[in-house]
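# Sequence first, then the predicted structure:
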Amino acid sequence: MKGTLLNTVAVAVGATLGALAGSQLPEKYKSFLLAGIGLVAFGLGIKLFLQSKNIIIVAGAIVLGGAIGMALGIQEGIESFASWAQSITGGEGRFVEGIVTASVLFCVGPTTILGCLQDGLEKKIELLALKSLMDLASSIFLAASMGWGVLVSALVVLVVQGALTLSARKLAFLASDESMLAELSGTGGVLLMGIGLGLADIKFLPTADFLPALFLAPIFVWLGRNFSMRKARQDHAETE
């Protein structure tokens with residue numbers, strides 16, 4: 001859990017510094033800064049999306065995952081939690097948006113999963129240490145634009161990454177399966193592009209509702225692999 005704790009502290013420190021600095025910035029600069037972060041997130045999303053080797057799997061995971069997420073009310077649940085946190089802390093401005101956006105941004109991507117697996121299985125934190133540096137910088141800029149809501153996302157990082165680290169032995173197969181990682185990266189890239197569109201104020205999407213897609217992408221790879229193996233055995237049996 002050392003890596004997750006480090007990541008949580010990094011987000012908390014970055015969000016605090018950003019929120020303090022952002023209170024001195026005019027609104028037009030905050031909007032401009034947020035648009036820049038959105039463009040970077042969109043570009044990173046494209047990079048991850050291009051790692052996919054089977055676009056159909058990514059598309060299927062996004063569509064079905066989005067339907068599941070909407071049925072479960074994931075976006076609404078996170079927004080309700082964010083609103084509750086705002087009422088408790090007295091946050092203002094884009095407090096709720098800051099929690100939701102930062103939480104999804106910090107918890108999406110292969111580095112999160114691989115880093116937590118490395119932490120849980122090998123007790124090494126190199127990947128999460130690198131992620132912590134990136135999240136530190138991101139949280140500063142996000143908090144400067146959105147305020148103290150980004151600080152609350154540190155709790156989400158602690159819960160999500162902590163759960164992944166504790167489940168590392170059950171998820172160990174992901175670390176060595178290149179096909180699953182490729183489709184997981186591609187799916188995460190789509191989510192990051194959605195976040196980027198929202199940050200750049202181009203189009204708001206309930207990105208959190210698509211989070212189940214991250215679990216479905218590896219499952220679809222496994223199902224497709226099993227189907228291919230069965231078909232190959234059947235074809236072999238027919239030729240004998």
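The structure has been received and is ready for your questions. Numbering: from 1, shown residues only.
# C-terminal to the worst-scoring helix or strand of the chain on mean pLDDT, what's the next element?
Least confident helix or strand of the chain, by mean pLDDT, DSSP states H and E, is helix 173-176 with a mean of 74. Next in sequence after helix 173-176, counting helices and strands by DSSP states H and E, comes helix 178-199.
# So which bits of that following helix are buried?
180-199 (16 or more other CB atoms under 10 Å). Where you see a C-beta, it was placed from the backbone N, CA and C, and this is true even at glycine.
# do stretch 57-70 as well
In terms of neighbour count (16+ other CB under 10 Å), stretch 57-70 has its buried residues at 57-58, 60-62, 65-66, 68-70.
# tell me the mean pLDDT for it?
Regarding stretch 57-70, the rounded mean pLDDT is 94.
# Please enumerate residues in contact with that stretch?
Applying CB atoms under 8 Å, 6 or more residues apart in numbering, the contact partners of stretch 57-70 are 49, 52, 75, 183, 186-187, 190, 206, 208-217, 220-221, 224.
# For residue 129, grab the count of nearby residues.
Around residue 129 sit 16 other residues, with neighbours defined as other CB atoms under 10 Å.
# got the contact list for the spatially closest residue to it that is not a sequence neighbour?
Excluding its sequence neighbours, the residue lying closest to residue 129 (CB to CB, 6 or more residues apart in numbering) is residue 6, at 6.3 Å. Contacts for residue 6 (CB under 8 Å, 6+ apart) come out as 125, 128-129, 132.
# now the helix or strand containing residue 15: how far from the chain's centre is it?
Assigned by DSSP H and E, residue 15 belongs to helix 2-22. On the basis of CA atoms, centre = their mean, to the nearest Å, helix 2-22 sits 17 Å off its chain's mean C-alpha point.
# Who are the packing partners of whichever helix or strand comes after that helix?
Downstream of helix 2-22, the next assigned helix or strand under DSSP H and E is helix 27-49. Counting contacts by 3 or more CB pairs under 8 Å, 6 or more residues apart in numbering; DSSP states H and E, helix 27-49 is packed against helix 126-146, helix 178-199.
# Now do helix 27-49, average pLDDT.
Rounded mean pLDDT across helix 27-49 is 85.
# center of the protein, which residue is that?
In the chain, the residue lying closest to the centroid (CA atoms, centre = their mean) is residue 108, at 1.4 Å.
# what comes up buried for the biggest helix by length in the chain?
Secondary structure of the chain per DSSP state H: the longest helix is helix 213-239. In terms of neighbour count (16+ other CB under 10 Å), helix 213-239 has its buried residues at 213-214, 216-218, 220-221, 224.
# So what's the gap between that helix and the chain middle?
Using CA atoms, centre = their mean, the offset of helix 213-239 from its chain centre is 28 Å.
# And for stretch 139-154?
16 Å.
# Contact partners for the nearest residue to residue 141 once chain neighbours are set aside?
Leaving aside its chain neighbours, residue 141 sits nearest to residue 37 (5.3 Å; criterion: CB to CB, 6+ apart). Listed by CB under 8 Å, 6+ apart, the contact set of residue 37 reads 138, 141-142, 145, 199.
# and if we set it to 7 Å?
141-142, 199 (CB atoms under 7 Å, 6 or more residues apart in numbering).
# For residue 79, grab the count of nearby residues.
17.
# swap in residue 152?
With other CB under 10 Å as criterion, residue 152 counts 25.
# if I read this right, it contacts residue 83, doesn't it?
No - look at residue 152 against residue 83 with CB atoms under 7 Å: they stay out of range, at 11.2 Å.
# May I ask you to confirm that residue 168 is in contact with residue 122?
No - at 9.0 Å, residue 168 does not count as touching residue 122 under the criterion of CB under 7 Å.
# Neighbour count: the two, which is higher?
Neighbours per residue (other CB under 10 Å) separate residue 168 from residue 122, with residue 168 holding more: 18 against 11.
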